[in-house]
Structures are given as structure tokens and as C-alpha cells.
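A.B. asks: next comes the sequence, and after it the predicted model I'd like to discuss.
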Amino acid sequence: MFKLPEGMERVWLMRAKGMREVEIAEAQGISRQAVNKALKDAREKLFENFLGIAEVFSFEVIRINVEKGFMIANAKIGSEVKRAYFFYIPKIGVRAFFEDSEFPDYLLEHAIKLGLAKNLSKDELLQRIEI
């Protein structure tokens with residue numbers, strides 16, 4: 001299971017919630033350059049992980065947003081094509097959900113924390129990330 005290193009994850013999450021690099025540096029007691037490097041490395045790792053998943057399963061990537069930690073892809077299952085959503089959840093790792101599945105509360109709560117949704121609503125979340 002893929003997870004960012006703890007310190008990198010903490011910096012990435014603070015940025016994903018909208019904090020500026022200088023604020024993160026102050027809060028973590030590290031330099032702004034260290035924050036910048038951690039964010040760069042986190043974006044690279046998330047991008048590589050999302051692309052790797054898509055490649056292994058032959059999914060067609062529609063969108064990757066490493067800043068907020070999600071990927072949208074089309075998955076061919078038999079003769080059907082279904083939309084697949086992948087989210088990086090801190091302390092959990094990457095989780096995938098299909099368009100016709102239920103999204104767990106922890107994912108919707110995470111989406112609210114990152115500003116991806118305002119309500120605990122799968123429909124609102126999908127509408128906002130599909131833009």
C-alpha cells in the first residue's frame with residue numbers, strides 16, 4: 001500500500017488545506033525551502049502512484065490533481081466503461097471508488113477538509129472534481 005512518509009504527508013495535507021508555504025514552515029518549525037522540497041517530492045510521488053495504478057489496470061486517465069490528491073479515470077470492465085475515482089487519504093493511502101459505489105464518510109469528511117466539497121454528499125464531490 002502506498003503512503004507518503006509521515007512528515008511529507010503532514011506538509012502536503014497542510015498545503016492541500018490551503019496553508020501557504022511560509023505558514024507551514026512556521027507551524028512545523030522547518031525552513032520554507034524544506035517545505036517546498038517536501039511538497040515537490042509529495043506531488044511527484046502522488047503523480048507517479050496515480051499513473052502507476054492507471055497503467056497496471058489499463059485505465060484511461062481523465063484528470064490527476066496531486067495538489068488535492070485525486071485521480072479520475074475511465075475503467076473498462078468487460079464491455080462497460082465506468083468512472084473510477086482515486087483519492088489519497090492521509091494515514092490510509094490511496095483508495096478507489098467507482099461511480100456507482102457508495103463513498104464512505106471518511107472520504108467525504110476528508111473532501112470537506114480539503115475544500116473539495118462543502119457537504120457530506122457524494123454527488124457534490126463528484127460534480128466539483130469533474131470540472
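C.D. replies: Noted; the coordinates are in hand.
A.B. asks: wait, doesn't residue 99 sit right on residue 83?
C.D. replies: Yes. Residue 99 lies in contact with residue 83 (C-beta atoms under 8 Å); the separation is 4.0 Å. C-beta coordinates here come from the backbone N, C-alpha and C atoms, glycine included.
A.B. asks: mind listing the strands for the protein?
C.D. replies: All strands of the chain, identified by DSSP state E, fall at 60-65, 70-77, 80-89, 93-98.
A.B. asks: and of the ones you listed, who's closest to residue 131?
C.D. replies: strand 60-65 (9.3 Å; C-beta to C-beta).
A.B. asks: which helices and strands does that closest one pack with?
C.D. replies: Here strand 60-65 touches helix 32-57, strand 70-77, going by 3 or more C-beta pairs under 8 Å, 6 or more residues apart in numbering; DSSP states H and E.
A.B. asks: related to what we said a few turns ago, of all the strands of the chain, which lies closest to residue 10?
C.D. replies: For the strands of the chain, proximity to residue 10 was assessed by C-beta to C-beta; strand 80-89 is nearest, at 13.3 Å.
A.B. asks: parallel or antiparallel, which strands does that closest one pair with?
C.D. replies: Sheet pairing for strand 80-89, assigned by DSSP bridges, gives strand 70-77 (antiparallel), strand 93-98 (antiparallel).
A.B. asks: which residue of the chain lies farthest from its centroid?
C.D. replies: What lies farthest from the middle of the chain is residue 79; by C-alpha atoms, centre = their mean that is 28.2 Å.
A.B. asks: how confident was the prediction at the spatially closest residue to residue 31 that is not a sequence neighbour?
C.D. replies: Distances taken as C-beta to C-beta, 6 or more residues apart in numbering place residue 25 nearest to residue 31, at 6.0 Å, with adjacent residues excluded. If you check residue 25, the pLDDT there is 97.
A.B. asks: in the chain, where is pLDDT below threshold?
C.D. replies: For the chain, applying pLDDT under 70 flags the ranges 1.
A.B. asks: hang on, isn't the residue nearest to residue 31 packed against residue 32?
C.D. replies: Yes. Counting by C-beta under 8 Å, residue 25 touches residue 32, with 4.5 Å between them.
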